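**Q** sequence first, predicted coordinates after that:
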Amino acid sequence: MCRVFYAAMQRAQSAAGSRADCVDRALDDTFKPSLFNVLTTGAGLLSMVLVPIPPIQVFGVAGALGTALVFFAVGSSAVVMVQTKPAFVLVWLLGFYIVIGLIETVIQLVRRKDREVE
């Protein structure tokens, strides 16, 4: 998904003038295919929940959520890139991944505490 968006940005840079025009054109070209990619991949991974093996179920849910998060990260970064300087996009993505890491840490701590209680 990131590679497709980058390729669309490269094509748009030769046709469009400003950075905002490039991002708008690249988003127009890639949004619908990327959305269908996320939806079908997410549905396929979520179908693993039906398997009676817990690690496979967890993998399916985690993969579906991860796919959706990447879609959100790339899309939101493109929107942020239009409105700010490119260096801020790196800060945006770093903050995004730090928040994801904090959420994962909290989930793991809650699970560990639940195991200790049992």
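**A** That came in fine, so what should we check first? Please read all numbers here as calculations on a predicted model, not as lab measurements. Residues are numbered from 1 along each chain as shown.

**Q** tell me what whichever helix in the chain runs longest is packed against?
**A** The residue-count maximum for a helix in the chain (DSSP state H) belongs to helix 86-117. Applying 3 or more CB pairs under 8 Å, 6 or more residues apart in numbering; DSSP states H and E, one finds that helix 86-117 contacts helix 54-83. From N, CA and C alone the C-beta is placed, and that goes for glycine too.

**Q** average model confidence for the helix it packs on?
**A** What helix 54-83 shows for mean pLDDT is 81.

**Q** now swap in stretch 27-41 and tell me
**A** On average, stretch 27-41 scores 85.

**Q** which of the residues in that stretch are buried?
**A** Residues of stretch 27-41 classed as buried under the neighbour-count rule (16 or more other CB atoms under 10 Å) are 27, 29, 30, 34, 38, 41.

**Q** which of those residues fall in helices?
**A** 27, 29, 30, 34, 38, 41.

**Q** before we move on, back to that, quick one: mean pLDDT for the longest helix of the chain?
**A** Averaged across helix 86-117, the pLDDT comes to 77.
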